[in-house]
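>>> Need the 3D shape of this:
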Amino acid sequence: MKWPVQTQSHRCFNIVLLHGWGFDHRIWDGFAAALPDYYHIEQPDLFNHETFSNDLSDKEFAATVLPLQDYLKKPCVLVGWSLGGLVAISLARQFPEKVSAVVLFASSPCFTRRPDWSYGIDNEQLSDLAERVDNDRQAALKYFCRLVAHGDSSPLKTTRILQAHITKINKAGLLYGLDMLANIDLRADLAALTCPLATILSSNDVLIQPAVAREITRLRPEAHHVLIEDAGHAPFVLKKSETAFRLKEFIHDCCT
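Numbers count the residues shown, from 1 in each chain. The predicted model follows:
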């Protein structure tokens, strides 16, 4: 489905799409094409670090995302997929006057399981992925594509699309991203956001359980939640029209 070009009744929203681990801005190309023509869309690349910092803190992470403030020259809606969701939360917390809303695609404020947070990834899974990256970067990324595609209506098709958009970032940068997923906990930041918040989760996601919506609701009772059926960790790949519609619906309900 494609919406009409801008008319006087349409407001031109600024949308910043923040990709997840293992990919770059190109992963959004198909989805961006499904959004209304009257949206202004930015697709920055994230984190091209040369060094790997162990036990990255929330404070260090907040400093890491600061260069992305250049994309916040006008008030915008931040859409973060997976790791990009952490970036969206951090930017919205630091620059509340520049962020109209935050939408988390298959994302969470805390990616690893903790004593008080059961809807995360086991640290062993992240350690295994880091070991795979260290041994064979390309093979690790292809393996991750299969994880992301798992649960989709056509996982092989999704895998092929994902593999065409694997990041060119080096091994150190990939390990740095995994360190973020392992250590960053932005639950307090999410609870303190002053802008509207939505999640778009997938019924068959093996990385972010859709039940995380319940925990996010405890942090932000007014949060809006959408579940995409028969989709894995990247619902915007094969179900881009439905996902785009859900995003447009939230933006126009909450930001107009």
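>>> what about the closest residue in space to D189 that isn't next to it in sequence, neighbour count?
In space, and not counting its chain neighbours, D189 is closest to R93: 4.3 Å by CB to CB, 6 or more residues apart in numbering. C-beta coordinates here come from the backbone N, C-alpha and C atoms, glycine included. Burial measure for R93: 20 neighbouring residues, criterion other CB atoms under 10 Å.
>>> residues in contact with R93?
Contacts for R93 were tallied using CB atoms under 8 Å, 6 or more residues apart in numbering; they are 62, 186, 189, 192-193.
>>> just D58 next, same as before
If you count contacts by CB under 8 Å, 6+ apart, then D58 has 184-186, 189 around it.
>>> Mind picking the one among these that's closest to G85?
If you rank the contacts of D58 by distance to G85 using CB to CB, L186 comes first, at 8.8 Å.
>>> so what's that closest one closest to, chain neighbours aside?
Excluding its sequence neighbours, the residue lying closest to L186 (CB to CB, 6+ apart) is P109, at 4.3 Å.
>>> hang on, the one you found packs against L190?
Yes - proximity of P109 to L190 meets the contact threshold set by CB atoms under 8 Å, at 4.3 Å.
>>> any residues in contact with both of these two?
89, 216, 219.
>>> burial of the second one, as a residue count?
Here the number of neighbours of I216 (other CB under 10 Å) works out to 23.
>>> helix/strand/coil for it?
Assigned with DSSP: H, G, I helix; E, B strand; the rest coil, I216 falls in the helix class.
>>> Could you report the distance from it to A231?
Relative to A231, I216 is positioned 18 Å away (CB to CB, to the nearest Å).
>>> would you list every one of the helices in the stretch 101-250 of the chain?
Remark: helices of the stretch 101-250 of the chain, listed N- to C-terminal, are 123-135, 137-149, 155-163, 171-183, 187-192, 212-219, 235-238, 240-254; assignment by DSSP state H, counting those that start in this stretch.
>>> tell me the mean pLDDT for stretch 175-191?
With pLDDT averaged residue by residue, stretch 175-191 scores 94.
>>> Distance from the chain centre to it, please.
Here stretch 175-191 is found 12 Å from its chain centre; the criterion is CA atoms, centre = their mean, to the nearest Å.
>>> So what's the residue count around K157?
One way to gauge burial is a neighbour count; for K157, by other CB under 10 Å, it gives 13.
>>> Repeat that for A149.
Close neighbours of A149, defined as other CB under 10 Å, add up to 25.
>>> pLDDT score for the residue nearest to it when sequence neighbours are not counted?
For A149, the nearest residue in space outside its immediate sequence neighbours is T158; the separation is 3.7 Å by CB to CB, 6+ apart. T158 is assigned a pLDDT of 97 by the prediction.
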